[in-house]
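Peer 1: the sequence and its predicted three-dimensional model are supplied below.
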Amino acid sequence: MHKIMSICIKEWKDYFFSPMAYIIISIFLLISGWFFFSTFFLINQASLRDFFDLLPFVFSFIIPAITMKVFAEEFNLGSYEILITFPIRHIHIILGKFLAQLLFIILLLMPTLSYPIFVSFLGDLDLGPVVGGYIGAIFLGAAFSAIGLFASSLTKSQINSFIIATIICLFFTLINRMLFFLPEKLITIFNYLSSSYHFQNFAKGVIDSRDIIYFFSLTFLFIYLTFLSLASRQ
Amino acid sequence: MENSQIMKTIIDVKELTKYYGNFLAIDKISFKISSGEIVGLLGPNGAGKTTTLRLLTGYLTPTSGTIKINNFRYPEQAPQIKELIGYLPESVPLYKNMLVYEYLEYVGNIRGFEKARLNSRIKELGKQCQINHIMGKEIGELSKGLTQRVGIASVLLHNPEILILDEPTSGLDPNQILEIRDLIKEIGKHKTVILSSHILSEVEATCDRIIIINKGKIVADDSTERLTSLYKGKILISVGLKNANFDELKLRLSNIEEIEKIELVSSNKGQELYVDLYLNKDVREKIYENIKNTEWILIEFSKKKTSLEEIFKEITQEN
């Protein structure tokens, strides 16, 4: 456990000693805030639906930007070679880094708590969807972080890592928006694959075990793929 | 190594082979290293030195062959082996944005040190590696020599029995090279050290034993003393003749057993001929006897020193 924590603390420190973290947090708040409030008064409803509708799409870009350096930088610098000679297993390295990402995403979401507080002053805000939405956001963030870690473990180049992760995240986000092209039988399958579909269930305030299982499986799958990718480097 | 029977074997490598795709990087190499030796792995760039070291540290997995370190084997006993080894890659890849003590703390935490023990260990190493005055500096701001010291301190933290350094003096200035050499010798008093280099004088200065590796194979493996004396016994004579021809000269000298090799240096249409003769004994008189009856005019007849550098060149190019 101390091994996982050491890696996690190191990653966490890395974020805040470089301007990257601040830039990413600012961009995230700017985009999500602008899209939310630009239509908020037009719709004239005291809900965070628009914010949560957009979140999978915004996360598809923001999370790969956070995770792109995680392994790519270590490979590029060569520090991965030292890391491997520590008495530490691949899984410790992966979990340490994953934990740091997840904590960062929770931090990223903190300032947006001001939206529901603000909205609750304007009208009667239903708390269920808000709480569900935030829980869902953490699940979604975990899954996308795992995808980001996997992409970063494939390459030395941070740009490549970013592009690969974004493509995978967008695939899971947008797959249910293309359903009208498909025969009816496939729709259920594609809907089930879609991360935005499952996330929207959370954002409706429904916490269903099927959605939890979906995000757990997606996270686990990509953490496992990261493990395979690291193991194959040797 | 007369007393190698008494000293225990700490590293035992058998028939180690490593392919990168179709490229054969290491070709069935075997060697043993006893506890306490300072061994230099020598070879031209691309010979397979780094690959060998990476295999020893477990960073790479061999295609075939076995590595035993203190009788532990990869991959099952990798955790035990990792406690025994401290490894610093050539580029000294430390996190540049960390402070020196912060980096040492990070390494200590991963290795599971308690706070008090870690602090005392960092103090000890700060003194031994002479980095106490830069503990609060950012690693990225340090000179190459100081970064190397911090790197060495970080891999010594867990007090490993074996220290593996890949090209520890590459990119350093002459003063820094001397300092790092002294540090390595100091460490080598209590530990087994394996270092790689493509510079002969480097390993000659620090190592008890030299393993020369070329194109993935071991071409020489002996104590530094023996290797040096073996080749210092060799004599190189440079001969210049006018009006002579190479084939006839070869014929005339063919009865002298002490000549190991005759090498043509230059000739211009029978006018002037320059050759190098490699002898295992100084037989200049015999050579002179053999050519004095000819019409040839002797324009050069001199003894050259053979350095280890030349021997190294010879061994690695022949292969």
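Peer 2: Sure thing, it's come through.

Peer 1: read off the pLDDT value for the closest residue to chain B within chain A.
Peer 2: In chain A, the residue that lies nearest chain B is A:Gly78 (3.5 Å; Cβ to the nearest Cβ). Just so you know, the C-beta spots here come from the backbone N, C-alpha and C atoms, and that holds for glycine as well. According to the per-residue confidence, A:Gly78 scores 90 in pLDDT.

Peer 1: could you report the distance from B:Thr52 to B:Lys82?
Peer 2: Computed as Cβ to Cβ, to the nearest Å, the B:Thr52 to B:Lys82 distance reads 18 Å.

Peer 1: cool, A:Leu225 as well?
Peer 2: 25 Å.

Peer 1: more neighbours, the two?
Peer 2: B:Lys82 (22 against 17; other Cβ atoms under 10 Å in any protein chain shown).

Peer 1: quick one: contacts for that one?
Peer 2: Residues in contact with B:Lys82 (Cβ atoms under 8 Å, 6 or more residues apart in numbering or on different chains) are A:85-87, B:58.

Peer 1: before we move on, what SS does it have?
Peer 2: Put simply, B:Lys82 is helix when judged by DSSP: H, G, I helix; E, B strand; the rest coil.

Peer 1: same deal with B:Ile237?
Peer 2: Applying three-state DSSP: B:Ile237 is strand.

Peer 1: spell out which parts of chain A neighbour chain B.
Peer 2: With Cβ under 8 Å from any Cβ of the partner chain as the criterion, chain A comes near chain B at residues A:2-3, A:5-7, A:9-10, A:14, A:17-18, A:77-82, A:84-88, A:234.

Peer 1: if we can go back for a sec, what's the closest of the contacts of B:Lys82 to A:Ile135?
Peer 2: Distance to A:Ile135 across the contacts of B:Lys82 (Cβ to Cβ) is lowest for A:Phe86, with 35.2 Å.

Peer 1: spit out the contact partners of the residue nearest to that closest one when sequence neighbours are not counted.
Peer 2: Nearest residue to A:Phe86, sequence neighbours excluded (Cβ to Cβ, 6 or more residues apart in numbering or on different chains): B:Ile110, at 5.1 Å. B:Ile110 makes contact with A:2-3, A:6-7, A:86-88 under the criterion Cβ under 8 Å, 6+ apart.

Peer 1: B:Ile152 now?
Peer 2: B:88, B:129, B:163, B:165, B:168, B:180, B:183, B:187.

Peer 1: quick revisit: closest to B:Leu42 out of the contacts of B:Ile110?
Peer 2: A:Phe86 (28.2 Å).

Peer 1: what about the closest one, distance to B:Gly65?
Peer 2: Taking Cβ to Cβ, one finds A:Phe86 at 24 Å from B:Gly65.

Peer 1: so which helix or strand takes in the nearest residue to A:Asn201 once chain neighbours are set aside?
Peer 2: Distance criterion Cβ to Cβ, 6+ apart; nearest residue to A:Asn201, sequence neighbours excluded, is A:Asp211 at 4.9 Å. Using DSSP states H and E, the element containing A:Asp211 is helix A:209-232.

Peer 1: ok and the residue in the stretch 101-250 of chain B nearest chain A?
Peer 2: For the stretch 101-250 of chain B, Cβ to the nearest Cβ, closest residue to chain A: B:Asn109, 4.1 Å.

Peer 1: next one: chain B
Peer 2: B:Pro93 (3.5 Å).

Peer 1: excluding chain neighbours, give the residue nearest to that residue in space.
Peer 2: Nearest non-adjacent residue to B:Pro93 (Cβ to Cβ, 6+ apart): A:Gly78, at 3.5 Å.

Peer 1: what sits against that neighbour?
Peer 2: A:Gly78 makes contact with B:89, B:91, B:93, according to Cβ under 8 Å, 6+ apart.

Peer 1: give me the most central residue, the chain.
Peer 2: All of this refers to chain A. Residue closest to the average C-alpha location in chain A (Cα atoms, centre = their mean): A:Gly141, at 2.6 Å.

Peer 1: let's do chain B instead
Peer 2: Chain B, centroid-nearest residue using Cα atoms, centre = their mean: B:Leu42 at 2.9 Å.

Peer 1: number of nearby residues for residue 120?
Peer 2: Because you didn't say which chain, this covers chain A. Counted with other Cβ under 10 Å, A:Ser120 comes out at 14.

Peer 1: let's do chain B instead
Peer 2: Around B:Ser120 there are 11 residues (other Cβ under 10 Å).

Peer 1: ok, now B:Leu172?
Peer 2: So B:Leu172, with other Cβ under 10 Å, has 18 neighbours.

Peer 1: just checking, it touches B:Ile180?
Peer 2: Yes - using Cβ atoms under 8 Å, B:Leu172 is in contact with B:Ile180, at 6.4 Å.

Peer 1: touching both of these two, which residues are there?
Peer 2: With Cβ under 8 Å, 6+ apart as the test, B:Leu172 and B:Ile180 both reach B:145, B:148.

Peer 1: still on that earlier bit, which phi and psi does the residue of chain A closest to chain B have?
Peer 2: phi 100, psi 0 (degrees, to the nearest 10).

Peer 1: how close does the residue lying closest to A:His2 once chain neighbours are set aside sit to B:Ile218?
Peer 2: Excluding its sequence neighbours, the residue lying closest to A:His2 (Cβ to Cβ, 6+ apart) is B:Gly112, at 5.8 Å. B:Gly112 is 37 Å from B:Ile218, where distance means Cβ to Cβ.

Peer 1: higher neighbour count, the two?
Peer 2: When B:Gly112 and B:Ile218 are compared for neighbours, B:Ile218 comes out ahead with 20 against 13, by other Cβ under 10 Å.

Peer 1: run through the bridge partners of that one.
Peer 2: Beta-bridge partners recorded for B:Ile218 (DSSP bridges): B:Ile213.

Peer 1: swap in the one 5 residues further on?
Peer 2: Applying DSSP bridges to B:Ser223 gives these bridge partners: B:Arg209.

Peer 1: contacts only, for A:Leu77.
Peer 2: So A:Leu77 contacts B:91, B:93, B:95-96 (Cβ under 8 Å, 6+ apart).

Peer 1: got the phi/psi numbers for it?
Peer 2: Taking degrees, to the nearest 10 as the convention, A:Leu77 sits at phi -70, psi -30.

Peer 1: what do you get for B:Ala220?
Peer 2: The phi/psi pair for B:Ala220 (degrees, to the nearest 10) is phi -160, psi 140.

Peer 1: shaky segments in the chain?
Peer 2: All of this refers to chain A. Across chain A, nothing is flagged by pLDDT under 70.

Peer 1: could you do chain B instead?
Peer 2: For chain B (pLDDT under 70), the answer is B:1-6, B:230-233, B:269-270, B:305-311, B:313-314, B:316-319.

Peer 1: which residue ranges of it form strands?
Peer 2: B:9-20, B:23-34, B:38-42, B:64-69, B:72-73, B:85-88, B:162-166, B:192-197, B:209-214, B:217-223, B:235-242, B:259-268, B:272-279, B:297-304 (DSSP state E).

Peer 1: which SSE is immediately downstream of the biggest helix by length in chain A?
Peer 2: Looking across chain A with DSSP state H, the single longest helix is helix A:127-152. Next helix or strand after helix A:127-152 toward the C-terminus (DSSP H and E): helix A:158-174.

Peer 1: got the CA positions of stretch B:195-204 in CSV?
Peer 2: Only the C-alpha atoms of stretch B:195-204 are listed here, as CSV (Å, rounded to 0.1, in the frame of the first residue of the first chain):
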residue,chain,number,x,y,z
LEU,B,195,29.9,-0.7,-14.9
SER,B,196,29.9,-0.4,-18.6
SER,B,197,32.0,1.8,-20.8
HIS,B,198,33.2,2.1,-24.4
ILE,B,199,36.4,3.8,-23.1
LEU,B,200,39.2,1.5,-22.2
SER,B,201,41.2,3.7,-20.0
GLU,B,202,38.0,4.2,-18.0
VAL,B,203,37.6,0.5,-17.0
GLU,B,204,41.4,0.1,-16.7
